[in-house]
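J.: coords below, sequence missing:
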């Protein structure tokens with residue numbers, strides 16, 4: 001089992017994030033990631049406009065800063081919304097950031113869900129099947145640009161004509177992950193095209209079922225499922241008060257997947273996810289950031305998996 005920390009970009013500052021990233025980088029974690037939103041995930045948007053939740057830093061700039069601020073961890077995004085940017089932009093972004101980080105970038109992709117962001121910026125919030133088809137093409141476009149000297153692609157949404165992305169990444173194969181838990185389409189896209197998969201806030205038994213479905217998709221396309229890294233985002237809360245303080249109205253929803261209680265209880269819980277097929281546990285953090293709980297986790301829980 002490997003461990004990372006997923007740092008939300010809402011209601012915080014760049015100075016707070018940089019300090020947090022440096023501390024996590026020194027604690028023995030293998031990964032830090034950011035998310036891709038224009039508004040806070042819990043933004044309140046009504047017909048009369050927004051009443052709260054507009055403070056959120058931008059993902060590409062934050063991802064690049066993360067790459068420059070750290071020296072040890074893999075630097076990811078969970079996940080870039082394929083409806084916000086052309087995949088050629090993301091491919092060139094990933095290649096450049098890989099040079100900034102010395103070859104430590106992982107790029108996650110997803111179809112997006114925050115309709116309020118689409119509406120506010122005048123972007124069409126396409127039906128789920130359309131957004132999934134867009135994501136399916138986007139990952140192929142990005143892969144082609146990152147690996148081929150000149151990429152040509154013709155699809156429903158995107159076209160490339162001898163398109164180039166130079167310089168190539170430092171890594172011979174920059175990992176592309178897909179985020180989401182949909183069994184019919186999302187996990188099929190993972191099986192066909194992705195190096196990794198991430199799902200948030202899923203209890204162990206539900207996660208086990210997703211892993212089994214992913215394996216079935218891999219069988220159909222002739223792929224070894226062991227070639228796909230599997231991760232799960234989990235909230236960390238040493239107490240009920242901490243869970244509610246960090247996640248507010250989401251606390252009841254995410255409690256079944258939360259790491260709570262004593263360090264021994266957390267070790268046992270993580271073992272359930274390992275048995276279910278997870279390779280990575282990503283600790284989901286939100287501002288206001290307090291490094292104390294993460295430092296305690298690094299001291300009391302990480303050694304059990306060394």
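T.: On my side now, so go ahead. Small disclaimer: the values here were computed from a predicted structure and weren't measured.

J.: Residue 25 and residue 215, how far apart?
T.: For residue 25, the distance to residue 215 (CB to CB, to the nearest Å) stands at 33 Å. Placement of C-beta: from N, CA and C, glycine included.

J.: Kindly check the end-to-end length of stretch 118-135 for me.
T.: 16 Å (CA to CA, to the nearest Å).

J.: residues in contact with it?
T.: With contact meaning CB atoms under 8 Å, 6 or more residues apart in numbering, stretch 118-135 is reached by 38-39, 45, 50, 82-84, 109-112, 115, 117, 156-157, 178, 182, 185-186, 189.

J.: List the buried residues in that stretch.
T.: 118, 120, 125-126, 131-135 (16 or more other CB atoms under 10 Å).

J.: quick one: residue 178 is in a helix?
T.: No: counting by DSSP: H, G, I helix; E, B strand; the rest coil, residue 178 is located in no helix; its state is strand.

J.: Now the element after the helix or strand of the chain with the lowest mean pLDDT, going C-ward?
T.: Least confident element among the helices and strands of the chain, by mean pLDDT, DSSP states H and E: strand 49-52 (a mean of 56). Following strand 49-52 in sequence order, the next helix or strand is helix 59-69 (DSSP states H and E).

J.: Show me how far that next one is from its chain's centre.
T.: Mean C-alpha position of helix 59-69 versus that of the full chain (CA atoms, centre = their mean, to the nearest Å) differs by 14 Å.

J.: Buried ones among the contacts of stretch 118-135?
T.: By 16+ other CB under 10 Å, the contacts of stretch 118-135 give 38-39, 45, 82-84, 109-112, 117, 157, 178, 182, 185-186, 189 as buried.

J.: Quick one: low-confidence residue ranges for the chain.
T.: For the chain, the stretches with pLDDT under 70 are 43-52.

J.: Tell me the secondary structure at the spatially most central residue of it.
T.: The structure's the chain has its C-alpha centroid closest to residue 78; by CA atoms, centre = their mean the separation is 1.6 Å. Three-state assignment for residue 78 (three-state DSSP): strand.

J.: before we move on, what about residue 107?
T.: Residue 107 ends up strand, using three-state DSSP.

J.: In contact with it, which residues are there?
T.: Neighbour list for residue 107: 76-77, 80, 90, 94, 142, 174-177 [criterion: CB under 8 Å, 6+ apart].

J.: in the sheet, who's paired with it?
T.: Applying DSSP bridges to residue 107 gives these bridge partners: residue 77, residue 176.

J.: Look up how far residue 229 lies from it.
T.: On the measure of CB to CB, residue 107 and residue 229 end up 13 Å apart.

J.: Equivalent analysis for residue 116, please.
T.: 31 Å.

J.: residue ranges of the strands in the stretch 101-250 of the chain, please?
T.: For the stretch 101-250 of the chain, strands defined by DSSP state E, counting those that start in this stretch occupy the ranges 105-110, 151-154, 159-163, 176-179, 196-200, 229-235.
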